[in-house]
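**Q** pasting a predicted model and its sequence here:
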Amino acid sequence: MPASDPIPVALLHGAGYAGGEVIRLLAGHLDVTLTAVTSRSLAGQPVWAAHPHLRGLTDLAFIAPDDFDPASARAILLAAEHGQAITVVTDLLNRGYDGAIIDLSADFRFRDPGLYPTWFGLEHPAPDLLDAFQYGLPEVFAPYAPGQRLIANPGCFATGITLALWPLARHLEALDVSVTALTGASGSGTRPKATTHFPTRDGNVRAYKILAHQHLPEIQQTLGTHARVHFVPVSGPWTRGIWGTAQLTLPPAVSEDDVARWYEDAYADAPFVRLWPSLPELRYAAGTPFCDLGWTLNDRHLVVGFALDNLLKGAASQAIQNLNRVLGLPEPSGLLPTPSPLPA
């Protein structure tokens, strides 16, 4: 049943692709109400000016960030670019904001501030805040500590790869795995660039940031120091969705039944992980809030497949999962259908 008084939430810097999906999901959420969406460049224009598919779903207009009153929202979702969220968060906290903050950027994902110069080219200006943020991969870290209100939403590749490997990392003393994963053009954001230009991307695949993608430290941070992940990201000729495989050699004592049990135990209570009898297909995961996993084993060689929507489970719907958790709502609220009671 919906809350009698929906909880007011706001979205800051909501003009990008992930922001549009957050708005769409919240429009159908029965327990919260989106009261404000900010954009410096689109202030005063209707939300559908940036997100035409939302026309008729919301009457909200963008407001300038300086016109937003934090006291009007019990929770804030932040979809700023990497490096910008730090300033927004520190300003909110310095002004005494004590509600929940779900940050979709990478600015608070790492525990070690020394990783930021290497992977993002910046010295973190608020390293003392890093420990205050919970890395928000619910399937691994939830339930969060009571009162936890600051969440660092994981990256899209990091979500898929970590969920694909987490059950193995829990049971194997050493994990050495090679990952190849393809992603759609929306993962590069709304700003046009040569690598997302249609004639360049259509009918083509291209590896990039080989063994040096910025999501690697997130993955290693979660899996542990006993895990080594060699990751080749690839741009695919579609708009949204990530599909990939992880390959490794299992110890002789590990059976196919062991692998199946590890995954079933890890995700028995995870409503947004679906286990498939074979490697998953991208088309069934795109447009959904699920991460699909499947595997095949042949003579100790294990291949784990994963598929997810980079804008949903890799960003917006995972942010709603985290929002629900910190607000004390059921995790699937606003993401999965709620059965209606039969009439008396």
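**A** Structure received. Residues are numbered from 1 along each chain as shown.

**Q** which parts of the helix or strand of the chain with the lowest mean pLDDT are buried?
**A** Lowest by mean pLDDT, DSSP states H and E among the helices and strands of the chain is helix 198-201, with a mean of 86. Neighbour counts over helix 198-201 (16 or more other Cβ atoms under 10 Å) mark residue 201 as buried. Heads up, the C-betas are built off the backbone N, CA and C, glycines and all.

**Q** again, but for stretch 198-215
**A** Of all the residues in stretch 198-215, those buried under the rule 16+ other Cβ under 10 Å are 201, 213, 214, 215.

**Q** packing partners for the least confident helix or strand of the chain?
**A** Contact here means 3 or more Cβ pairs under 8 Å, 6 or more residues apart in numbering; DSSP states H and E; on that basis helix 198-201 packs against no helix or strand.

**Q** CA atoms only: put the host helix or strand of residue 158 into CSV for me.
**A** Following DSSP states H and E, one finds residue 158 within helix 156-171. C-alpha atoms of helix 156-171 as CSV (Å, rounded to 0.1, in the frame of the first residue of the first chain):
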residue,chain,number,x,y,z
CYS,A,156,27.2,0.4,-14.7
PHE,A,157,30.1,-1.9,-15.7
ALA,A,158,31.0,-2.3,-12.0
THR,A,159,27.5,-3.5,-11.2
GLY,A,160,27.4,-6.2,-13.9
ILE,A,161,30.9,-7.5,-13.3
THR,A,162,30.7,-7.5,-9.6
LEU,A,163,27.4,-9.3,-9.5
ALA,A,164,28.7,-11.8,-12.0
LEU,A,165,31.8,-12.5,-9.8
TRP,A,166,30.6,-11.9,-6.2
PRO,A,167,29.4,-15.5,-5.5
LEU,A,168,32.8,-16.8,-6.8
ALA,A,169,34.8,-14.3,-4.7
ARG,A,170,33.0,-15.4,-1.6
HIS,A,171,34.1,-19.0,-2.0
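
**Q** distance check, residue 251 against residue 305.
**A** Relative to residue 305, residue 251 is positioned 21 Å away (Cβ to Cβ, to the nearest Å).

**Q** out of the two, which sits in the busier spot?
**A** residue 305 (22 against 10; other Cβ atoms under 10 Å).

**Q** right, and that one touches residue 279 too?
**A** Yes - proximity of residue 305 to residue 279 meets the contact threshold set by Cβ atoms under 8 Å, at 3.2 Å.

**Q** intersection of neighbour lists for those two?
**A** Residues touching both residue 305 and residue 279 (Cβ atoms under 8 Å, 6 or more residues apart in numbering) are 245, 294, 295.

**Q** any idea how far residue 76 is from residue 235?
**A** Using Cβ to Cβ, residue 235 is found at 32 Å from residue 76.

**Q** the more surrounded of these two?
**A** When residue 235 and residue 76 are compared on other Cβ under 10 Å, the one with more neighbours turns out to be residue 76, at 24 against 20.

**Q** quick one: that one is in a strand?
**A** Yes - applying DSSP: H, G, I helix; E, B strand; the rest coil, one finds residue 76 inside a strand.

**Q** quick revisit: weed out the non-buried ones from the shared contacts of residue 305 and residue 279.
**A** Among the shared contacts of residue 305 and residue 279, those buried by neighbour count (16+ other Cβ under 10 Å) are 245, 294, 295.

**Q** nearest to residue 53, of the residues you listed?
**A** For those, the minimum distance to residue 53 (Cβ to Cβ) is 30.5 Å, reached by residue 294.

**Q** grab the nearest non-local neighbour of the closest one.
**A** residue 276 (3.7 Å; Cβ to Cβ, 6 or more residues apart in numbering).

**Q** who's in contact with the nearest residue to residue 37 once chain neighbours are set aside?
**A** Spatially, and ignoring its direct neighbours in sequence, residue 37 is nearest to residue 14 (4.2 Å; Cβ to Cβ, 6+ apart). With contacts defined as Cβ under 8 Å, 6+ apart, residue 14 is in contact with 20, 22, 23, 37, 38, 39, 47, 50, 62, 79.
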